[in-house]
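# Sequence and predicted model, in that order:
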Amino acid sequence: MAAPNVTSEQAKALLRAYGDAIRQSRSVGRPVSFRVDVGPEGETVITPAEDTAPLREPDLDAALAAARERGRLRAAEILSGDDMLNVEAFAKFIGTTRVTVNAKRRIGQILGLDGARRGFRFPVWQVNEEGKPWAELAALHERLGGPWAVYRFLIQPHGELGGLTGREALVRGRAHAVLAAAESIGREFR
């Protein structure tokens, strides 16, 4: 294939548009773009950065801010539920110390949810019939990536579990199915 014939004027125009985009990006503090349309005969049309739509519209920023606020409010509601204990109460509930609870939380052996103001909260239902946190919690953290993802997995129904929540399936002794479902979900988000 022969190299395309690019005129010096085309090259200069492209470099000029690139330089303009760099200056504009630095000025506004966000990415900008410009567009180069090339026809079959090598003709080019360059659309400058100021004539292209911004990457994020103000409406999108407002929608994202509203969604974050709804998430913050929902998290606060969850953390204030009767089934959530602070670290001291949870340590007493499972017969250990707060130091042990926090150490196990850090490595995913206990589910602890962080709130903006209230510190970590621990769902009482993460404990098996022997009064110990489910052994599968660490594997769920590995597969799903974090405490809030584990929490959502445990409280939402899953088709892979016959409509049971992850929590219900663990209570019914279906640990293998729970871990397989979590693996499937975790793989979707990688």
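Looks like it arrived, so ask away.

# Please save the CA atoms from stretch 92-111 in CSV.
Presented in CSV, the C-alpha positions along stretch 92-111 are these (Å, rounded to 0.1, in the frame of the first residue of the first chain):
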residue,chain,number,x,y,z
LYS,A,92,-20.1,-8.7,72.2
PHE,A,93,-22.7,-10.4,70.0
ILE,A,94,-20.1,-12.9,68.6
GLY,A,95,-18.1,-13.1,71.9
THR,A,96,-14.8,-11.4,70.9
THR,A,97,-13.1,-8.0,71.1
ARG,A,98,-13.5,-5.0,68.9
VAL,A,99,-9.9,-5.3,67.9
THR,A,100,-10.6,-8.8,66.5
VAL,A,101,-13.8,-7.6,64.8
ASN,A,102,-11.9,-4.8,63.1
ALA,A,103,-9.0,-7.1,62.1
LYS,A,104,-11.4,-9.7,60.6
ARG,A,105,-13.3,-6.9,58.8
ARG,A,106,-10.1,-5.6,57.2
ILE,A,107,-9.4,-9.1,55.7
GLY,A,108,-13.0,-9.7,54.7
GLN,A,109,-13.9,-12.4,57.3
ILE,A,110,-16.6,-10.1,58.7
LEU,A,111,-18.9,-7.8,56.8
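
# ok now that stretch, how far from the chain's centre?
For stretch 92-111, the gap between its own C-alpha mean and the chain's C-alpha mean amounts to 24 Å (C-alpha atoms, centre = their mean, to the nearest Å).

# Report the mean confidence score over that stretch.
In this model, stretch 92-111 carries a mean pLDDT of 97.

# With stretch 29-46 instead?
Stretch 29-46 comes out at a mean pLDDT of 82.

# Contacts only, for W125.
D83, R167 (C-beta atoms under 8 Å, 6 or more residues apart in numbering). Where you see a C-beta, it was placed from the backbone N, CA and C, and this is true even at glycine.
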